[in-house]
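S.K.: The sequence isn't on hand, but the structure is:
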DNA sequence: AGGACGATTAACT
DNA sequence: GTTAATCGTCCTG
């Protein structure tokens, strides 16, 4: 019998958002679909959104029907719709009641790339190198909102199987915040796996 | 009730 | 570098 890789713990997500963001780089996102297909990719780029005081964070408007998952337990997904056509995937961090999350911005596909390619109709390099490309390639939409990725039998989770000690992500300002006031616009809360 | 805008992407010039 | 696509959310009145 093959044993299932265990999901990253809720404790992992419960720490400060920038710590979670740094340490999740290089780990594998796994999605198991009902038909048995397995999609997997190494996380290469994430972005932090931290609290109601962060004017780039959706929680700046407080708790609403949209932002409710941000206030949920760490390890909850926050999947939202934007630009009238794109889905974005986040993982909630810090303590329940404090709205913070990391946005997935880039992956390197390691399993199921052919399935992703059918959905995206692009070459390998362009398959998951953007936040909305990831959700399209993995088939993630509102039905994955407020999903618990720490549940023992979760169908989507981060694999707890890479020590990740040698990776020092590179930090830059977050992407796409053209209208966000300073200082939030320029905070280096985007983390990229260097190399 | 109406309008601006968005944690984007692909397809242009 | 610029722009259309496309619609839910939030802010204004």
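M.R.: That came through fine. Since the model is a prediction, treat every value here as computed from it, not as a measurement.

S.K.: Residue A:24 and residue A:158 touch, don't they?
M.R.: Yes: with contact defined as CB atoms under 8 Å, residue A:24 reaches residue A:158; the gap is 6.6 Å. For every residue, glycine as well, the C-beta is placed using N, CA and C.

S.K.: any shared contact partners between those two?
M.R.: Applying CB atoms under 8 Å, 6 or more residues apart in numbering, one finds that residue A:24 and residue A:158 are jointly contacted by A:8, A:43, A:91.

S.K.: is the closest residue to the last one other than its chain neighbours in a bridge, and if so with what?
M.R.: Read that as residue A:91. With sequence-adjacent residues excluded and distances taken as CB to CB, 6 or more residues apart in numbering, residue A:91 is closest to residue A:102, at 5.4 Å. Beta-bridge pairing for residue A:102 (DSSP bridges): residue A:48, residue A:91.

S.K.: Residue A:102: neighbouring residues, count only.
M.R.: Around residue A:102 there are 27 other residues, counting by other CB atoms under 10 Å.

S.K.: Residue A:19 is in contact with that one, correct?
M.R.: No: contact criterion CB under 8 Å: residue A:102 and residue A:19 do not qualify, at 10.5 Å.

S.K.: hang on, the earlier thing: what distance do you get for the residue nearest to residue A:91 to residue A:8?
M.R.: 12 Å (CB to CB, to the nearest Å).

S.K.: what is in contact with those two at once?
M.R.: residue A:24.

S.K.: top of the shared contacts of residue A:24 and residue A:158 by neighbour count?
M.R.: Most surrounded of the shared contacts of residue A:24 and residue A:158: other CB under 10 Å gives residue A:91, at 28 neighbours.
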